[in-house]
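In: sequence and computational prediction follow.
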Amino acid sequence: RLRYFSAIPKNFDEAISRAAGIRNAAIVAHVDHGKTTLVDALLQAAAHETQTSSSTTERLMDHGELEMERGITITSKVTRVDYTNNQTLNIVDTPGHADFAGEVDRILGMVDGVCLMVDAREGPMAQTKYVLSRALKMNLNPICILNKCDMPDALSRLESGEVENELFDLFVSLGAD
């Protein structure tokens with residue numbers, strides 16, 4: 001069963017109780033590091049697992065006119081994925097542009113955890129540092145995801161450990177434990 005909502009109401013954190021078996025996670029990153037692509041892939045995998053079909057294979061979450069025109073996420077969207085009989089994961093796709101940082105801040109106050117996506121070619125960028133610092137201040141323990149590892153220019157950075165070192169240095173600079 002797949003469901004998504006076009007926007008999260010401002011009183012969402014009051015409207016939902018953290019019931020057993022439900023976890024809320026935000027996908028955060030710098031712009032174009034693959035947040036929406038990851039959510040789309042998770043939805044496609046869940047659709048395959050539940051034998052449902054979708055004619056749309058990408059950008060399922062970004063359906064606003066301006067979002068489709070610009071190819072970016074402007075407002076956060078949440079989707080539900082049932083991953084075991086009694087476990088549900090609500091995944092929030094967040095904007096990556098600094099212009100929408102307030103939207104990310106609002107979402108971080110509502111989730112149980114974050115997945116920090118980093119483009120292996122570029123490493124941590126300015127918005128990566130911002131969203132990570134906000135998540136750490138809210139006592140969220142991020143799960144790091146290295147994306148675009150299959151790109152030729154990412155391979156040497158991964159093999160040398162450069163990307164991991166940059167991430168480690170970022171965590172240290174922000175005072176992470």
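Out: Here it is on my side, so go on. Residues are numbered from 1 along each chain as shown.

In: identify the residue nearest residue 119 in space, chain neighbours excluded?
Out: Of all residues not flanking residue 119 in the chain, residue 33 sits nearest, at 4.4 Å (C-beta to C-beta, 6 or more residues apart in numbering). To be clear about C-beta, it is placed using only N, CA and C from the backbone, and glycine gets the same treatment.

In: tell me the contacts of the one you found?
Out: Under the criterion of C-beta atoms under 8 Å, 6 or more residues apart in numbering, the contact list for residue 33 reads 96, 117, 118, 119, 122, 125, 128, 147, 148.

In: pull out the buried residues from those residues.
Out: Buried subset of those (neighbour count, 16 or more other C-beta atoms under 10 Å): 96, 117, 118, 119, 122, 125, 128, 147, 148.

In: those strands in this structure, which residues are they?
Out: 2-5, 22-29, 77-84, 87-93, 113-119, 143-147 (DSSP state E).

In: distance check, residue 43 against residue 88.
Out: The spacing between residue 43 and residue 88, counted by C-beta to C-beta, to the nearest Å, is 14 Å.

In: neighbour count for those two, which is higher?
Out: residue 43 (22 against 15; other C-beta atoms under 10 Å).

In: and the least confident of the buried ones among the contacts of residue 33?
Out: pLDDT across these is at its lowest for residue 96, which sits at 59.

In: picking up where we left off before, can you tell me which of the buried ones among the contacts of residue 33 is closest to residue 37?
Out: residue 147 (7.9 Å; C-beta to C-beta).

In: so the closest one sits against residue 32, correct?
Out: No: applying C-beta atoms under 8 Å, one finds residue 147 not in contact with residue 32, separated by 10.0 Å.
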